[in-house]
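[1] no sequence on this one, just coordinates:
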């Protein structure tokens, strides 16, 4: 579980070259079919859970988990029964 504050996450992300930091909230059981993003992302799950699918690999993420995803990587997302709130830094 991360003990980092949003201010600390933002500062660290900007120092690492990310240029945008957002809080995103997803509803319960939301499914996003395979798609890509035109930016690199650094993500911390703050509340709830979801599954990230890349190819044949599924990664289940709970509050406190983090990951990075390079731009243009095809992936799908399925949010858990309580939805999810994430912090996401983007390098556009």
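    Arrived safely, thanks for sending. Remember, predicted model here, so these are calculated numbers, not experimental data.

[2] So which other helices or strands are in contact with the helix or strand hosting residue 79?
    Under the criterion of DSSP states H and E, residue 79 resides in strand 75-91. Here strand 75-91 touches helix 6-15, strand 20-26, strand 31-35, strand 40-54, going by 3 or more CB pairs under 8 Å, 6 or more residues apart in numbering; DSSP states H and E. C-beta coordinates here come from the backbone N, C-alpha and C atoms, glycine included.

[3] Buried residues of the last one, list them for me.
    It stands for strand 40-54. Under the neighbour-count criterion of 16 or more other CB atoms under 10 Å, strand 40-54 has 40-46, 48-50, 52-53 buried.

[4] sorry, back to before: tilt between the strand holding residue 79 and helix 6-15?
    Going by axes from the mean of the first three to the mean of the last three CA atoms, to 10 degrees, strand 75-91 is angled at 80 degrees with respect to helix 6-15.

[5] any idea of the angle strand 75-91 forms with strand 20-26?
    150 degrees.

[6] picking that back up, any chance of the helices and strands packed on strand 75-91 in JSON lines, plus mean pLDDT and distance to residue 62?
    Formatted as JSON lines, these follow (pLDDT from 0 to 100; distance: least, CB to CB, whole Å):
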{"stretch": "helix 6-15", "mean pLDDT": "96", "distance to residue 62": "17"}
{"stretch": "strand 20-26", "mean pLDDT": "97", "distance to residue 62": "14"}
{"stretch": "strand 31-35", "mean pLDDT": "97", "distance to residue 62": "18"}
{"stretch": "strand 40-54", "mean pLDDT": "97", "distance to residue 62": "5"}
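
[7] which stretch among those comes nearest residue 64?
    strand 40-54 (6.7 Å; CB to CB).

[8] quick check, distance from that closest one to the centre of its chain.
    3 Å (CA atoms, centre = their mean, to the nearest Å).

[9] Give the next helix or strand downstream of that strand.
    Sequence-wise, the next helix or strand downstream of strand 40-54 (DSSP H and E) is strand 57-62.
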